[in-house]
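Q: structural data only, the sequence is not supplied:
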């Protein structure tokens, strides 16, 4: 039996220490809903003000700004990516290394015709997709309809962003307004982006703290609900054979879990596929 272990206006180009120097803005009152996330993002050098005393929380955020903030959080080495961006509408400026990094790591796609649209405003669904793409490289993410189905404007979500919005709402990265409206195609304000990123960091830290490290001793087993043709490769991991799939496969109806990595425990009777494709059925151990 195969066993799965579901394992913001322009940003300043000041150095990080200078960015973190001012976290008090005259347009960010302490009683505002966005006070804490903006303060957090500024104090940590991830976002800066639009001037020495203003943050401009209600201004929109461009795609270049959004990717730059993510790159700062990820600790991207700008020198490694300078002058490497291939999008023809991206200038050699403060955002270029971060856009190059995001493109190389498949976090972003262009808008066609080899354009990125750096000055286009980032929408809420675009933001969700970029962060989803970032996290799914290293973690198993739960994708569930539960919260998204409650949104009255669910139908307005673009098809390419649907999975990411399921994850974002389920993980509480994004929540609707008082009416549950998500506004997926609306441009995100700087206050919203600060809030989203603070939640994102918390989610990432939690995922890292709970990331499985190899096979675990679990009690309950569910079989997958489908057998699926997958592209796989295998490698030895101590007494297990690890089979990795590049695409997700749903397991246990309604549980919102996907397969990305498989641990095969019946090693003596298991022969890794000689071809690139194989039919695999797995079981999921819930710990």
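A: Here it is on my side, so go on. These figures come from a predicted structure and were not determined experimentally. Residues are numbered from 1 along each chain as shown.
Q: element containing residue 125, please.
A: helix 124-136 (DSSP states H and E).
Q: on contacts alone, who are the packing partners of that helix?
A: helix 63-74, helix 162-170, helix 190-209 (3 or more Cβ pairs under 8 Å, 6 or more residues apart in numbering; DSSP states H and E). The way it works is simple: take the backbone N, C-alpha and C, and place the C-beta from them, glycine included.
Q: residues contacting it, please?
A: Contacts with helix 124-136, where a contact means Cβ atoms under 8 Å, 6 or more residues apart in numbering, come from 63, 66-67, 70, 74, 102, 105-108, 141, 157-158, 160-161, 163-165, 167-168, 173-174, 182-186, 188, 192-193, 196, 200, 203-204, 207, 260.
Q: relative to helix 63-74, how tilted is that helix?
A: Interaxial angle of helix 124-136 relative to helix 63-74 (axes from the mean of the first three to the mean of the last three Cα atoms, to 10 degrees): 30 degrees.
Q: when you give positions from now on, start the count at 184
A: With 184 as the first residue, the last one maps to helix 307-319.
Q: quick one, helix 307-319 and helix 373-392 angle?
A: For helix 307-319 against helix 373-392, the angle by the same axes, to 10 degrees is 20 degrees.
Q: buried stuff in helix 307-319?
A: Buried residues in helix 307-319, counted by 16 or more other Cβ atoms under 10 Å: 307-319.
Q: let me know the angle separating it from helix 345-353.
A: Orientation check (the same axes, to 10 degrees): helix 307-319 against helix 345-353 gives 90 degrees.
Q: ends of stretch 260-277, how far apart?
A: 13 Å (Cα to Cα, to the nearest Å).
Q: name the residues that touch that stretch?
A: So stretch 260-277 is in contact with 193-194, 196, 247, 251, 254, 279-284, 286-287, 293, 297-301, going by Cβ under 8 Å, 6+ apart.
Q: can you pull the poorly scored residue ranges out of this structure?
A: Where the chain drops to pLDDT under 70, the residues are 184-206, 395-470.
Q: one more time with 80, if that's ok
A: 184-206, 393-470 (pLDDT under 80).
Q: strands of that one, start to end?
A: 185-187, 403-406, 411-420, 423-434, 440-447, 460-463, 465-469 (DSSP state E).
Q: could you list the buried residues of stretch 320-339?
A: Quick answer for stretch 320-339 (16+ other Cβ under 10 Å): 322-324, 326-327, 330-331, 334, 337.
Q: nearest to residue 209, out of the helices and strands packed on helix 307-319?
A: Closest to residue 209 of the helices and strands packed on helix 307-319 is helix 373-392 (Cβ to Cβ; 14.6 Å).
Q: now the closest one: buried residues?
A: So helix 373-392, judged by 16+ other Cβ under 10 Å, has buried residues 373-384, 386-387.
Q: helices or strands up against it?
A: Judged by 3+ Cβ pairs under 8 Å, 6+ apart, helix 373-392 is in contact with helix 218-226, helix 246-257, helix 307-319.
Q: which of the buried residues of stretch 320-339 fall in helices?
A: Among these, no member is found in helices (DSSP state H).
Q: could you dump those residues into TSV with distance to residue 269 added?
A: Listed next are the buried residues of stretch 320-339 as TSV, based on distance: Cβ to Cβ, whole Å:
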residue	distance to residue 269
322	28
323	31
324	28
326	31
327	36
330	37
331	34
334	36
337	35
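Q: return the closest of these with respect to residue 394.
A: Out of the buried residues of stretch 320-339, the member with the shortest distance to residue 394 (by Cβ to Cβ) is residue 322, at 6.5 Å.
Q: so what's the closest one closest to, chain neighbours aside?
A: In space, and not counting its chain neighbours, residue 322 is closest to residue 390: 4.4 Å by Cβ to Cβ, 6 or more residues apart in numbering.
Q: next one: the one you found from residue 354, what distance?
A: The gap separating residue 390 from residue 354 is 9 Å, by Cβ to Cβ, to the nearest Å.
Q: now the buried residues of helix 373-392 in TSV, with distance to residue 234?
A: Shown next, in TSV, are those (distance: Cβ to Cβ, whole Å):
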residue	distance to residue 234
373	13
374	16
375	20
376	18
377	16
378	21
379	23
380	21
381	22
382	26
383	26
384	25
386	31
387	30
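Q: residue ranges of each domain in this structure, please.
A: Residue ranges for the domains of the chain, per automatic domain parsing: 193-392, 403-469.
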